[in-house]
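In: sequence below, structure please.
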Amino acid sequence: MMMNIIPSHSARHQRSALLLCTLAAPVLAGVHEIWWNLTYVENANPDGLFERRVVGVNGTWPPPPMDVHTTDSLVVHVTNSLDAPSTLHHHGMFFNSTSWMDGAQGVSECGIPPGGQFDYVVPIDTSGQWGTYWVHAHASGQYVDGLRAPLVLHPPKEVHSYDEEFTVILGDWYHQEHAVLLKRFISIANPGGAEPVPDSALMYFAQNASYLGPKPGTLASSVTSAVGFNENATLPFQPGKTYRLRIINTSGFAAFFFWIDGHDMRIIEVDGTDVEESPIDLLSVTVAQRYSVLVTARNDTSANWAIHANMDTDMFDKVPPALNPNVTSSITYSPSAPLNDLGFVDAYHDVNDTALVPAEKIPQLPPPTKTIELEVSFDTMDDGTNRAMFNQVTYNSPLVPAIFSTLSLGLNATVAEAYGPLSFVLDHQDVVDIVIKNGDAGKHPFHLHGHKYQIVGRSEDYTSADPALNPPIVEGQANPIRRDTVQIPSMHSATLRLVADNPGVWFLHCHIEWHLEAGLAIQLVEAPLLAQQRNAPPQIMRDHCAALGKPFSGNAVGKASTTDLTGLHLGPFPQVLGWRPKGIGAMFGCVLSAVLGMASVTWYALGGQMTDEETEEEVRRRVEMKEGRRRRMKGLLGLGRKGE
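Out: Purely as a prediction, here's the structure:
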């Protein structure tokens, strides 16, 4: 049994909860316990440029890495010492039939209230999963403020052989807190929807549930002095050894291009799926994706070598002059050797993930019994803000977490309308194709909770009739790639196939935090009647909802109805474009005035004359028209007679 710091004020409560959990599952080989007290940490300065408050764990930042053997169940005992509700999402974990442990606020729970406690039980020993994952907050942007850490699952025997391993954590970094940036982002002052651009990029390393410290002799902020960041970080290599590097992008916005000077890389894992070795010169790692690569050390120790992580600045509306989007760390063979930094590569490129071959062969799933087509768009809405939409609808979180609606609506749990817009009900064992069409100008990373999907098709232009650009799905593929986060470039599409074999409610959303906040998400309500027959969430989750003043049964607003959603926040909605009656009238008036004006000019040009009486009448008419326009304008502005 392994454990982190145990907060003394909650140890007895947590041990009792653990005992109950263990008694309820006697087949567990072991229980790996972790105690996390979510706290603010002041004056963190990982980039060396700016001190700020962050969300940390047990008074430290960054939160500690998690290393777990797949023969164990993971129990994370959480105390929320923040001043806002919080959750933890173990990204990529299946949570078979226990989706309330998934940590998605508004979908699987209300959140842990300030001062509250909760035990997340992650059934790793029964999930059939191993590989590289991560854990992060899924509430109020707290992971942008720092609540994020790597999670590595070790099977008894790895598919690939290597001598040693390290975890490489990549992330973007903001100097202002998420709440400040979000208010600026979703604002009528930002109708174009320009996302907050990070102030820095971060790269740091972990091994065996600990972070690697800074290089000797380097200066570091006192709060984060135990961790090496960017140029102060290094990986110690020994000649002839083969290393596994587990690369995780924990960003809120930025994708990265990653490569190592003087060394070759071979991909061996994608989002927890082992793949056959595939040589690669440069990795594109979008938000929330993970890759493992094998790197064989050089036999020459006369030089050390740069490790590069460059942010994909194409995703930014603009690159601020103060931003350095390209960070480097290093591989050290000898502390006294010089550093070789070969600079930029000729061109960036994306990983062709559909060309990767899973080591465990699973043939393409049967043809779909259900297809969900989702088209991405962003637009300025009727309230003046810019929002994200699937199929012209922006997602709003229900008042009742959807899993609690599923468990309390009885037979009505199969009615999608009860959960609010952008909710889709799946029958048990449905084979589902989710076709995501990116009609936006930027790239988007889409993550599905509770599943890995097969990527059975991609198109370069989903609007094209050219099969070279928009090929049909090929049935009977031998072994499609499986992952949980897919990047889709502008005007491209991806077809994601899965089996609805995990009863509960699962979130599908863009993992760029700003886009999730702007409404780019849906809910999959999976086998709701079967979910009612299986496990039940602990009572403390309902207590959390009550403490936060939120309902925890009924439809999306807490009513025993499939149609009455009064009180559910809807919209904003796309502006109605085209000619409306008022616009038509205004345009007619403008055109008529222009025609009359041009006729008058023509008449005068042809020598037309006006009598004095006609001239006086024309002046009086124009004055009256001007006065009428002035009165109408004041009426529109709401000015009374006193304002006149």
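In: ok, then the element right after the helix or strand bottoming out on mean pLDDT in the chain?
Out: The weakest-scoring helix or strand in the chain, judged by mean pLDDT, DSSP states H and E, is helix 11-24 (a mean of 40). Heading C-terminal from helix 11-24, the first helix or strand you meet, by DSSP states H and E, is strand 31-44.
In: what does the pLDDT read for the nearest residue to V319 once chain neighbours are set aside?
Out: Leaving aside its chain neighbours, V319 sits nearest to T313 (5.1 Å; criterion: Cβ to Cβ, 6 or more residues apart in numbering). The C-beta positions use only the backbone N, C-alpha and C, and glycine is treated the same way. Here the pLDDT value assigned to T313 is 97.
In: my guess is T313 contacts N326, does it?
Out: No. Between T313 and N326 there is no contact under Cβ atoms under 8 Å: 9.2 Å.
In: distance of L548 relative to A521?
Out: Per Cβ to Cβ, to the nearest Å, L548 is found 21 Å from A521.
In: more neighbours: the two, which one.
Out: It is A521, of L548 and A521, that has more neighbours when counted by other Cβ atoms under 10 Å, with 24 against 15.
In: who's in contact with that one?
Out: Counting by Cβ atoms under 8 Å, 6 or more residues apart in numbering, A521 touches 390, 395, 422, 507-510.
In: I268 now?
Out: 159-160, 244, 274-278, 292-294.
In: again with G450
Out: Listed by Cβ under 8 Å, 6+ apart, the contact set of G450 reads 94-95, 99, 102, 502, 504, 506, 526.
In: quick check: beta-bridge partners of the closest residue to it other than its chain neighbours?
Out: Excluding the flanking residues, the one nearest G450 by Cβ to Cβ, 6+ apart is W506, at 3.9 Å. Beta bridges link W506 to L524, judged by DSSP bridges.
In: surely W506 touches L524?
Out: Yes. Applying Cβ under 8 Å, one finds W506 in contact with L524, separated by 4.7 Å.
In: which neighbours do those two share?
Out: Shared contacts of W506 and L524, defined by Cβ under 8 Å, 6+ apart, are found at L448.
In: got the end-to-end distance for stretch 470-487?
Out: 17 Å (Cα to Cα, to the nearest Å).
In: same question for stretch 149-158.
Out: Its start and end residues considered, stretch 149-158 measures 22 Å (Cα to Cα).
In: repeat for stretch 194-208
Out: End-to-end distance of stretch 194-208 (Cα to Cα): 39 Å.
In: ok now it, how far from the chain's centre?
Out: With Cα atoms, centre = their mean, to the nearest Å as the basis, stretch 194-208 stands 14 Å off its chain's centre.
In: show me where the stretch 201-350 of the chain dips below the pLDDT cut-off.
Out: Within the stretch 201-350 of the chain, no stretch has pLDDT under 70.
In: any idea how far T332 is from R298?
Out: With the distance defined as Cβ to Cβ, T332 ends up 12 Å from R298.
In: next up, the contacts around the residue nearest to the spatial centre of the chain.
Out: The chain has H511 as the residue nearest its centroid, 1.5 Å off, counting by Cα atoms, centre = their mean. H511 sits next to 286-288, 445-447, 485 when contact means Cβ under 8 Å, 6+ apart.
In: tell me the one of the residues you listed nearest T495?
Out: Using Cβ to Cβ, F446 comes nearest to T495 of the contacts of H511, at 11.9 Å.
In: so what does the stretch of helix or strand the closest one belongs to touch, helix or strand wise?
Out: Using DSSP H and E, the element containing F446 is strand 444-448. Strand 444-448 sits against strand 431-438, strand 485-488, strand 493-499, strand 504-510, with contacts defined as 3 or more Cβ pairs under 8 Å, 6 or more residues apart in numbering; DSSP states H and E.
In: show the contacting residues for the nearest residue to R387 once chain neighbours are set aside.
Out: Distances taken as Cβ to Cβ, 6+ apart place T394 nearest to R387, at 4.5 Å, with adjacent residues excluded. Shown in contact with T394 (Cβ under 8 Å, 6+ apart): 381, 387-388, 518-520, 571-572.
In: so where's this protein shaky on pLDDT?
Out: For the chain (pLDDT under 70), the answer is 1-29, 577-644.
In: how about the helices in it?
Out: Ranges of helices within the chain are 11-24, 124-127, 178-185, 402-408, 513-517, 528-533, 539-547, 581-605, 612-636, based on DSSP state H.
In: show me what the nearest residue to P421 once chain neighbours are set aside is bridged to.
Out: Using Cβ to Cβ, 6+ apart and skipping residues adjacent in sequence, the residue nearest P421 is V393, 5.1 Å away. Counting by DSSP bridges, V393 forms beta bridges with F390.
In: hmm, V393 is touching R387, no?
Out: No. Using Cβ under 8 Å, V393 is not in contact with R387, being 9.8 Å away.
In: show me which of those two is the more surrounded one.
Out: R387 (24 against 17).
In: OK, contacts around that one?
Out: For R387, the contact set (Cβ under 8 Å, 6+ apart) comprises 186, 193, 378-379, 381, 394, 518-519, 572.
In: ok, now how distant is it from P191?
Out: Per Cβ to Cβ, R387 is found 11 Å from P191.
In: now do G106
Out: Taking Cβ to Cβ as the measure, G106 and P191 are separated by 26 Å.
In: neighbour count winner among these two?
Out: Shown here are G106 and P191; by other Cβ under 10 Å, G106 has more neighbours (23 against 13).
In: one step back: out of the helices and strands packed on strand 444-448, which is closest to D346?
Out: Nearest to D346, of all those, is strand 485-488, at 21.4 Å by Cβ to Cβ.
In: next, count neighbours for the closest residue to K550 other than its chain neighbours.
Out: Spatial nearest neighbour of K550, excluding adjacent residues (Cβ to Cβ, 6+ apart): C110 at 5.0 Å. Neighbour count of C110, defined by other Cβ under 10 Å: 26.
In: can you check the one 3 residues further on too?
Out: Using other Cβ under 10 Å, the number of residues around P113 comes to 21.
In: what residues of stretch 145-156 count as buried?
Out: Going by neighbour count (16 or more other Cβ atoms under 10 Å), the buried part of stretch 145-156 is 145-154.
In: got those residues as TSV, with distance to E417 columns?
Out: As requested, those are exported to TSV (distance: Cβ to Cβ, whole Å):
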residue	distance to E417
D145	35
G146	38
L147	34
R148	35
A149	38
P150	40
L151	36
V152	41
L153	38
H154	44
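In: can you tell me which of those are in strands?
Out: Among these, the ones falling in strands (DSSP state E) are 148-154.
In: max pairwise distance over these: which two?
Out: Distances among these were taken as Cβ to Cβ; the most separated pair is R148 and H154, at 20.4 Å.
In: which one of the contacts of G450 sits closest to G128?
Out: Here the nearest of the contacts of G450 to G128, counting by Cβ to Cβ, is F94; it sits at 8.0 Å.
In: so how far is V55 from the closest one?
Out: 26 Å.
In: cool, and A556?
Out: Using Cβ to Cβ, A556 is found at 29 Å from V55.
In: test my guess that P196 contacts K183.
Out: No. Applying Cβ under 8 Å as the test, P196 and K183 come out as separate, 10.4 Å apart.
In: give me the more crowded residue out of those two.
Out: P196 (22 against 10).
In: got the contact list for the more buried one?
Out: Contacts of P196 were listed using Cβ under 8 Å, 6+ apart, and they are 174, 176, 181, 184-185, 253, 514.
In: can you rerun that using 10 Å?
Out: By Cβ atoms under 10 Å, 6 or more residues apart in numbering, P196 lies in contact with 144, 172, 174, 176, 178, 180-182, 184-185, 190, 252-253, 316-317, 513-514.
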